[in-house]
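# Just need the structure, nothing else, for what follows:
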Amino acid sequence: MVGLLRPFGRAVTYTRLLHLFVAVVWPAVLQFVTDAWWIWAVAAAALVPAGLVPAMRTVEGLQARLLLTGHPPDRGGEGGEDGIVVAPSSTWEDRGRLVLWLEARLLLGCVVSLVVAQLLYAAVDLVASAAGDRPNGGVVGLLGPSQAWHIALVPGLLTALAAAVWGSGTLITALAVRLLGPSPAERLAALEERTEQLLERTRIARELHDSIGHALTVAVLQAGAARAADDPAFTRRALDAIEETGRAALEDLERVLGVLRDSGKPAGTRPTLTDADRLLESARASGAEVDADLTGPLEGVPGPVSREGYRILQESLTNVLRHAGPVPARVRVSVEGATLRLDVRNPLPADPPDPARGSGLRGIRERAALLGGSASAGPVGDDWQVHVELPVR
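The predicted structure follows:
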């Protein structure tokens, strides 16, 4: 019993009824003034051109979202978490569905208004009849003279009234979701937007992993080496390297956080392969003997490829320091025709990483795959090699 009464304790039950009444206010006023029933046909015809106006879907969507769902008009974005769109009509299909919505709302509003009014009038007449007044026609007039037992019919009428209010509200809400909801094209666009957001989140996670991971790896190795060396001059150099790497990591972190705070803000300047010397010096400062050979027009590599190539090189050097320590490493970066090649080799550590595991190697493969390239990592003879090929066109 409590469950049946629960909908009537929510405001949205009554705002849905108000939404239906609003649809019939102006035709009802004109019909009352002119006493002409053809006004309703004129009203139905006038809704056709109104529904063809693109902005009308925004008006109807905002009204439906507020009165039918109880959600604020700006909640849920373009498609809304309730499935009601507030964007203007963009296709003739959208306009056609809007016309159908306006006509259905007018028809249902007219029917519900008449039913609710008649049930209220009948309930009032039954109460008056039970009190001894003479019936004024209608349903009560069919029951004959005033009788006290007429009051027993009032609960049934009130139950029918409640059912009409709840049922019409549920029906108009379902119609709104169906007719004011996103079209297939809009659903596809929303899906693509969510996919782009997920890809961006994945990219940011990779950025933070590569940048912060590299900085922490360098800091840990430098601090450990400085403590072991017990040499003031070496300690100063180690602190300088830690400071420089930390500043670069903080810059990357601030840039990424800026993008997260403001989704409309561009990512800003990200390091490219022309900044690779910074990575190489950082690795050398950590004790690794880096033999680097960068050939070809690196400055002509497209921005996205050059930025991802920088991150791949950064993660590769980080893995050298993390798994093998300050060992000799050979770095080869070259642009040959339409391909950018990156090779990082170092002596195979005692406990080499599993190529199928680890977020760093997985991130390298993901970066390469997104650009249409390829990446491999694994033992080659006595060395561990990371080999990446990226198309530059």
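# Every contact and neighbour count from this point should use C-alpha atoms.
Noted.
# Low-confidence stretches in the stretch 251-393 of the chain?
Residues of the stretch 251-393 of the chain that meet the criterion pLDDT under 70 lie in 252, 254-269, 351-359.
# Tell me which stretches of the chain form helices.
Defined through DSSP state H, the helices belonging to the chain, from first to last, are 2-5, 11-34, 39-51, 55-68, 92-130, 138-142, 154-179, 184-229, 232-261, 276-285, 303-319, 359-370.
# And those, which one averages the lowest pLDDT?
Ranked by mean pLDDT, those end with helix 138-142 in last place, scoring a mean of 57.
# Of all the helices of the chain, which one is nearest residue 391?
helix 303-319 (7.8 Å; CA to CA).
# any idea how this structure splits into domains?
Per the record's domain assignment (automatic domain parsing), the chain is made up of the domains 2-182, 188-391.
# how about TSV for those domains, with mean neighbour count added?
Converted to TSV, the domains of the chain look like this (neighbours: other CA atoms under 10 Å):
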stretch	mean neighbour count
domain 2-182	17
domain 188-391	17
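# okay, the helices of the chain in CSV with distance to residue 332 next?
Rendered in CSV, the data for those read as follows (distance: least, CA to CA, whole Å):
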stretch, distance to residue 332
helix 2-5, 72
helix 11-34, 67
helix 39-51, 64
helix 55-68, 57
helix 92-130, 56
helix 138-142, 95
helix 154-179, 58
helix 184-229, 19
helix 232-261, 22
helix 276-285, 11
helix 303-319, 10
helix 359-370, 16
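# Could you measure from the closest residue to residue 127 other than its chain neighbours over to residue 120?
If you skip the residues right next to it in sequence, residue 127 has residue 151 as its closest partner in space, 5.7 Å away by CA to CA, 6 or more residues apart in numbering. Distance check for residue 151 against residue 120: by CA to CA, to the nearest Å, it reads 14 Å.
# Over to residue 229?
Taking CA to CA as the criterion, residue 229 is separated from residue 120 by 94 Å.
# repeat for residue 233
95 Å.
# What of residue 311?
Here the distance between residue 311 and residue 120 works out to 73 Å (CA to CA).
# same thing with residue 159?
Plainly put, residue 159 is 11 Å away from residue 120 if you go by CA to CA.
# Return the residues in contact with the nearest residue in space to residue 339 that is not next to it in sequence.
On the basis of CA to CA, 6+ apart, the spatially nearest residue to residue 339 that is not a chain neighbour turns out to be residue 391, at 4.6 Å. When contacts are counted by CA atoms under 8 Å, 6 or more residues apart in numbering, residue 391 touches 305, 338, 339, 340, 371, 372, 373.
# again with residue 276
Residues residue 310 are the ones in contact with residue 276 under the rule CA under 8 Å, 6+ apart.
# gap between it and residue 386?
Applying CA to CA, one obtains 16 Å for the distance of residue 276 from residue 386.
# Repeat that for residue 31.
Where residue 386 is concerned, residue 31 sits at a distance of 81 Å (CA to CA).
# just residue 169 next, same as before
Counting by CA to CA - residue 169 and residue 386 are separated by 63 Å.
# Tell me if I'm right that residue 364 and residue 312 touch.
Yes: at 5.6 Å, residue 364 and residue 312 qualify as touching, with contact defined as CA atoms under 8 Å.
# if we can go back for a sec, mind listing which of the contacts of residue 391 are in strands?
The members of the contacts of residue 391 that map onto strands under DSSP state E are 339, 340.
# and the contacts of residue 391 as TSV, adding distance to residue 253?
What follows is the contacts of residue 391, written out as TSV (distance: CA to CA, whole Å):
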residue	distance to residue 253
305	21
338	32
339	30
340	27
371	24
372	27
373	27
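# of the contacts of residue 391, closest to residue 272?
residue 305 (8.5 Å).
# residues in contact with the closest one?
Going by CA under 8 Å, 6+ apart, residue 305 touches 371, 390, 391, 392.
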